[in-house]
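In: The amino acid sequence is not available; the structure is as follows:
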């Protein structure tokens, strides 16, 4: 039972960051119809920037995470303006190829700049685990959990309560009608991609100190983000949130009780199972097929 | 017609190459390039003629490589039955055919599963499939030796009338075999796309609801195309296993799929010659660039190259030199303006 609770706790901590990743990706797909292969690289980008700021420039840990998020936002906006906007209404596959090209270039740029050796991001939290009843947890992990929960709530408020959120939801529902109602659809696209990228960068900045930072870390995470998005239904933000926690718990329990070697395969088996049973995703309110 | 003669002349020129060119290193590079061209031809059948982007194609390639290697080496594996399954080493040509069949079966499975969906979903299913395969290859150590790799895979052999089974151990013999298999795969794909199946696939690519409405069994033909494509990719994987003679889980890496996609897209998807032209360029280019730049820089150039090709040559090199290509392609087979998803 204690072990069970420990797995739940670990899964929830991991699930928060997965949810951030999934929301960013599902937002970009839902609004822009772009299958974003650079998402995992934005995640790695956030982690490496945190390493740069904390370990090399000795900036404050929390400031570094905020700066990484800002840099992710700017890089996302840049990608949208340089690569996606000129493509206009090109079909999904064409856009996908461009994103694959960007992914390969970005990943190898990271490898070229940082080398293949994994980096450790120092954190200001004590290394002794806190013992809470039957489970133990590192203070860093509690901080990551708290930060992701705050971010998730903030993001819901952004989508639900602000003019930008309204414009994004309108564009999601019907791009042409939204444009006719005076929504600047192109600006919404750029902001959507930038926001989604910022979420990926924050996820990397938060998970980087928990694990090691290495150049290929974005690959698996990018694919897992797709798993989360499919689990929740493409374009469904609440679904992506739940999907993030579900995938993390599946991985955690799978690794704990079944086989730790196949931990990373579980996400992909989930994808295949979802598509075989319920292609529209488990949490989709209505079918949104891309 | 002129195109067909040109193709035949090119084939003859390629076939006589080992007779007048003594550089074994170049021959080995051409052989491995040929293997990837075969894989690119198989990907083109799906990506170019059905518009479905399979980003897990390395899985079929890897399954072919592992199947052929394991059958020729023999293996025993405990799968929970009373006795472990023991397979004695088989002759290489049987192992090779086994690779084609097993890959084709996986193609059928993935086709049945994945074509419940289209577009982005299909792409993600195929990526997931390749990742699962890679993890199985890494972790099922009893069968695959995991990261230690399968070593000492026997070289290719061939049954020749009057001479029995001959082992193709020299570079020139391996080259000829790859060239022969490549030409056969090219002709197979050419006949598939010119057949009823090919017309159905093009109809599907251009307008799926319309194709459905006139009674084309869309999913059926997609599955058939996937089986043929996977089987050819498996053949390429089998050739790879016996030419390189070592197979490790890295054959499932996404980067191999990306290499095939680059070859198809740069050459011209939906054209028969596209994967060959793109494959020659992107198979030989890394060798030419070798030593001039670190591998990361080469890959950065590749990534930017893909973007530039999509922006400036969206239909690929072959259609860009279209005068000839247009003459020799039946109207129905010309690539559409977009990718046609």
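Out: In hand now; what should we look at? In this text, all values refer to a predicted model and were calculated from it rather than measured experimentally.
In: Count residues in the vicinity of residue B:313, would you?
Out: 15 (other C-beta atoms under 10 Å in any protein chain shown). Where C-beta positions appear, they are placed from N, C-alpha and C, glycine not excepted.
In: how far away is the nearest residue to residue A:192 once chain neighbours are set aside from residue A:180?
Out: Excluding its sequence neighbours, the residue lying closest to residue A:192 (C-beta to C-beta, 6 or more residues apart in numbering or on different chains) is residue A:31, at 4.8 Å. From residue A:31 over to residue A:180 the distance is 17 Å, taken as C-beta to C-beta, to the nearest Å.
In: for residue A:22, same thing?
Out: 31 Å.
In: Settle it for me: which of the two has more neighbours?
Out: Neighbours per residue (other C-beta under 10 Å) separate residue A:22 from residue A:180, with residue A:22 holding more: 34 against 10.
In: packing partners for the helix or strand that contains that one?
Out: Secondary structure from DSSP states H and E places residue A:22 in helix A:2-32. Other helices and strands packing on helix A:2-32, by 3 or more C-beta pairs under 8 Å, 6 or more residues apart in numbering or on different chains; DSSP states H and E, are helix A:39-51, strand A:135-137, helix A:139-161, helix A:163-173, helix A:185-207, helix A:217-232, helix A:237-253.
In: Out of those, which one sits most buried?
Out: Scoring the helices and strands packed on helix A:2-32 by mean neighbour count under mean count of other C-beta atoms under 10 Å in any protein chain shown gives helix A:39-51 as the most buried, with a mean of 28.
In: which regions of chain A sit below the pLDDT cut-off?
Out: A:1, A:279-290 (pLDDT under 70).
In: thinking again about what came up before, the residue nearest to residue A:192 - how many residues pack around it?
Out: Residue A:31 has 25 nearby residues by other C-beta under 10 Å.
In: What of the one 5 residues further on?
Out: Residue A:36 sits with 30 neighbouring residues when counted by other C-beta under 10 Å.
In: quick one: contacts for the closest residue to chain B within the stretch 151-290 of chain A?
Out: For the stretch 151-290 of chain A and chain B, the shortest gap (C-beta to the nearest C-beta) falls at residue A:268, measuring 3.7 Å. Listed by C-beta atoms under 8 Å, 6 or more residues apart in numbering or on different chains, the contact set of residue A:268 reads A:223, A:227, B:128, B:129, B:131, B:132.
In: what comes up buried for the helix or strand it falls within?
Out: Under the criterion of DSSP H and E, residue A:268 resides in helix A:263-277. Within helix A:263-277, the residues scored as buried using 16 or more other C-beta atoms under 10 Å in any protein chain shown are A:263, A:264, A:265, A:266, A:267, A:268, A:269, A:270, A:271, A:272, A:274, A:275.
In: what's the host helix or strand of residue B:219 packed up against?
Out: Using DSSP H and E, residue B:219 sits within helix B:218-244. Contact here means 3+ C-beta pairs under 8 Å, 6+ apart; on that basis helix B:218-244 packs against helix B:24-47, helix B:57-73, helix B:92-114, helix B:171-194, helix B:196-206, helix B:208-213.
In: Relative to the whole chain's centre, how far out is it?
Out: 7 Å (C-alpha atoms, centre = their mean, to the nearest Å).
In: between that helix and helix B:57-73, how many degrees?
Out: Computed by axes from the mean of the first three to the mean of the last three C-alpha atoms, to 10 degrees, the angle separating helix B:218-244 from helix B:57-73 equals 50 degrees.
In: who touches stretch B:178-191?
Out: Contacts for stretch B:178-191 (C-beta under 8 Å, 6+ apart): B:11, B:14-15, B:31, B:34-35, B:37-38, B:41-42, B:44-45, B:228, B:232, B:235, B:239, B:243, B:272, B:276.
In: What is the neighbour count of residue A:12?
Out: Using other C-beta under 10 Å, the number of residues around residue A:12 comes to 17.
In: I misspoke; the intended subject was residue B:23.
Out: 11.
In: got a list of what residue 221 touches?
Out: By default, I'm working from chain A. So residue A:221 contacts A:21, A:40, A:43, A:44, A:203, A:204 (C-beta under 8 Å, 6+ apart).
In: Not quite, go with chain B.
Out: B:197, B:200, B:201, B:204.
In: For chain A, what's its nearest residue on the stretch 51-200 of chain B.
Out: Proximity of the stretch 51-200 of chain B to chain A (C-beta to the nearest C-beta) peaks at residue B:128, 3.7 Å away.
In: tell me the pLDDT at residue B:341?
Out: Residue B:341 carries a pLDDT score of 37 in this model.
In: circling back: just the buried residues of helix A:263-277 now: which is nearest residue A:117?
Out: residue A:264 (21.2 Å; C-beta to C-beta).
In: Excluding sequence neighbours, find me the nearest residue to that closest one.
Out: According to C-beta to C-beta, 6+ apart, the nearest residue to residue A:264 is residue A:220 (6.0 Å).
In: out of the contacts of residue A:221, who's nearest residue B:218?
Out: Nearest member of the contacts of residue A:221 to residue B:218, counting by C-beta to C-beta, is residue A:40, at 32.6 Å.
In: measure the closest one to chain B for me?
Out: Distance, residue A:40 to chain B, using C-beta to the nearest C-beta, to the nearest Å: 11 Å.
In: Was I right to think that residue contacts residue A:226?
Out: No. With contact defined as C-beta atoms under 8 Å, residue A:40 does not reach residue A:226; the gap is 9.2 Å.
In: Surely residue A:206 is in contact with residue A:17?
Out: Yes. Contact between residue A:206 and residue A:17 holds when scored by C-beta under 8 Å: they sit 5.5 Å apart.
In: quick one: common contacting residues for the two?
Out: Shared contacts of residue A:206 and residue A:17, defined by C-beta under 8 Å, 6+ apart, are found at A:144, A:148.
In: tell me which element residue B:311 falls in.
Out: Going by DSSP H and E, residue B:311 is in helix B:295-312.
In: So for residue A:2, which of the helices and strands packed on helix A:2-32 sits nearest?
Out: Once the helices and strands packed on helix A:2-32 are compared by C-beta to C-beta, strand A:135-137 is nearest, at 6.9 Å.
In: gap between that closest one and the chain center?
Out: 25 Å.
In: who touches it?
Out: A:2, A:5, A:6, A:9, A:13, A:129, A:130.
In: gap between the residue nearest to the second one when sequence neighbours are not counted and residue A:7?
Out: Distances taken as C-beta to C-beta, 6+ apart put residue A:135 closest to residue A:5, at 5.1 Å, once the chain neighbours are dropped. Between residue A:135 and residue A:7 the distance is 9 Å, computed by C-beta to C-beta.
In: where are the low-confidence patches of the stretch 51-200 of chain B?
Out: Using pLDDT under 70, the stretch 51-200 of chain B drops low at B:79-82, B:117-120, B:159-164.
In: Around chain A, pick out the residues from it.
Out: B:51, B:53, B:113-114, B:116-121, B:123-125, B:127-129, B:131-132, B:135-136, B:138-139 (C-beta under 8 Å from any C-beta of the partner chain).
In: Residue B:152 versus residue B:137, what's the distance?
Out: 18 Å.
In: hmm, I was thinking of residue A:32
Out: To residue B:152, residue A:32 is 51 Å away according to C-beta to C-beta.
In: And those two? Which one has more around it.
Out: residue A:32 (22 against 8).
In: nearest spatial neighbour of that one, skipping sequence neighbours?
Out: Residue A:32's closest residue in space is residue A:189 (C-beta to C-beta, 6+ apart), at 5.5 Å.
In: Over to residue B:215. Which of the three states is it?
Out: Counting by DSSP: H, G, I helix; E, B strand; the rest coil, the backbone at residue B:215 sits in coil.
In: what's around it, how many residues?
Out: 7.
In: Let me know the pLDDT of it.
Out: pLDDT recorded at residue B:215 is 78.
In: Pull up the gap between it and chain A, please.
Out: In terms of C-beta to the nearest C-beta, residue B:215 sits 23 Å off from chain A.
In: for the helix or strand encompassing residue A:69, which positions count as buried?
Out: Taking DSSP H and E as the definition, one finds residue A:69 inside helix A:61-79. Buried positions in helix A:61-79, judged by neighbour count with 16+ other C-beta under 10 Å: A:61, A:64-65, A:67-69, A:71-73, A:75-77, A:79.
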